[in-house]
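**Student:** model this:
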Amino acid sequence: MRATKGRGVLTGVVSAAVVAAGLGWAAPAFATPAGLETVTQTAAESSADKSALASCPTGKVVTGGGGFLTAGSSAAGRVGLDRLEPLANGTGFIATMREAGPVNFAGDWGLQTLAQCATAPAGYQVVATTGAVGTEYVTASCGTKKVIGMGGRINSGLGDVVLDQVVPSFDLTSVTVRAVAVQGTSPAGWSATSIAVCATAPAGLERVVVTGAGASDPSDTHLKACPPGKGLYSAGADINAGNGQVLLTAINITGGNTVRVRADEDADGFAGSWSLSGYGICGS
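**Tutor:** Sure, this is the predicted structure:
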């Protein structure tokens, strides 16, 4: 169990919507899915675990989102995402990042959260499934509907357990998350929640994937765009064979249609070969 500075006490930011275009990002050159826009919120830099909530504008619902360590921080490999959650009432997306492992990071670092917001599609529903205590893999199903969004949450992990995987199934009927214990920790009493955003088969729905080659690199970054004319409902990622020594530090969405993911080896590195995959759900 690591030192308790900042443990269990989150620095949080909750605000009204800030549209991506207002932050200088280029707005997508298409209007599909209907009403699609990216909203962001940033938690101020500090040396503490933190959350930020990006809220959708009135009249729109969240379809997905992400979170990432802000640029310029030296905390890569010392912090990891443990919450990527589209809210059950559809009003926004919250991300939480924690200092991970048995030793705290002394420097300041920041977190930015993104929400993908759109006009509510037919059959819109957010489904959450929580696994038994200590269960690594948890799946949430949309039943007869299709997955348009994904998310996951670690409950009572407190930086000793982080998200390793948030992945939609190949047929877009379910979302699976994986929780992993960080090297050097012995957590107990934690659980994982998988979250699926569901709808009645929106037009042009498809899953896109990018996977890097296995290696033992300090960090890995990948991006994948939706096919021309389609926009991005949501984004996810999967660390393959990281064994709790590789931390997810970014699930980002740019231009309304591109997934960007990043993972970093922990403070003492990892000798094994690992890879990172990014996932997107696109629609028209």
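**Student:** ok, what's across the strand from residue 199?
**Tutor:** residue 146 (DSSP bridges).
**Student:** Kindly report the same for residue 54.
**Tutor:** residue 93.
**Student:** That one contacts residue 40, doesn't it?
**Tutor:** Yes: at 5.6 Å, residue 54 counts as touching residue 40 under the criterion of C-beta atoms under 8 Å. Every C-beta, even on glycine, is put in place using the N, C-alpha and C of the backbone.
**Student:** In terms of neighbours, single out the busier of the two.
**Tutor:** Taking other C-beta atoms under 10 Å, residue 54 and residue 40 do not tie; residue 54 has more neighbours (30 against 22).
**Student:** any idea how far that one is from residue 263?
**Tutor:** 22 Å (C-beta to C-beta, to the nearest Å).
**Student:** ok, residue 194 - contacts?
**Tutor:** Residues in contact with residue 194 (C-beta atoms under 8 Å, 6 or more residues apart in numbering) are 128, 129, 130, 131, 138, 139, 140, 151, 152, 175, 176, 177.
**Student:** buried subset of those residues?
**Tutor:** 128, 129, 131, 138, 140, 151, 152, 175, 176, 177 (16 or more other C-beta atoms under 10 Å).
**Student:** Restricted to helices, list the residues you listed.
**Tutor:** Assignment to helices by DSSP state H places none of the buried ones among the contacts of residue 194 there.
**Student:** which pair in these spans the largest distance?
**Tutor:** Spatially, the most separated pair among the buried ones among the contacts of residue 194 is 131 and 151, at 14.5 Å (C-beta to C-beta).
**Student:** Residue 201 looks like it's in a helix, true?
**Tutor:** No: if the criterion is DSSP: H, G, I helix; E, B strand; the rest coil, then residue 201 is coil and not within a helix.
**Student:** leaving aside the residues next to it on the chain, what's closest to it?
**Tutor:** Nearest non-adjacent residue to residue 201, counting by C-beta to C-beta, 6 or more residues apart in numbering: residue 146, 4.9 Å away.
**Student:** How many residues are close by that neighbour?
**Tutor:** 22.
**Student:** right, and it touches residue 203 too?
**Tutor:** No: because the distance of 11.0 Å does not satisfy C-beta under 8 Å, residue 146 is recorded as not touching residue 203.
**Student:** Tell me the one among the buried ones among the contacts of residue 194 nearest to residue 59.
**Tutor:** When those are ranked by distance to residue 59 (C-beta to C-beta), residue 151 comes first, at 21.7 Å.
**Student:** Please report how far the closest one lies from residue 228.
**Tutor:** Residue 151 is 27 Å from residue 228, by C-beta to C-beta.
**Student:** before we move on, back to that, can the contacts of residue 194 go into TSV with extra columns for pLDDT?
**Tutor:** Listed next are the contacts of residue 194 as TSV, based on pLDDT from 0 to 100:
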residue	pLDDT
128	98
129	98
130	98
131	98
138	98
139	98
140	98
151	98
152	98
175	98
176	98
177	98
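**Student:** Please identify which two of these are farthest apart in space.
**Tutor:** 131 and 151 (14.5 Å).
**Student:** Strands along the stretch 51-200 of the chain, start to end?
**Tutor:** Under the criterion DSSP state E, counting those that start in this stretch, the stretch 51-200 of the chain carries strands at the ranges 61-69, 79-86, 92-99, 109-118, 125-130, 137-141, 146-155, 161-168, 174-181, 191-199.
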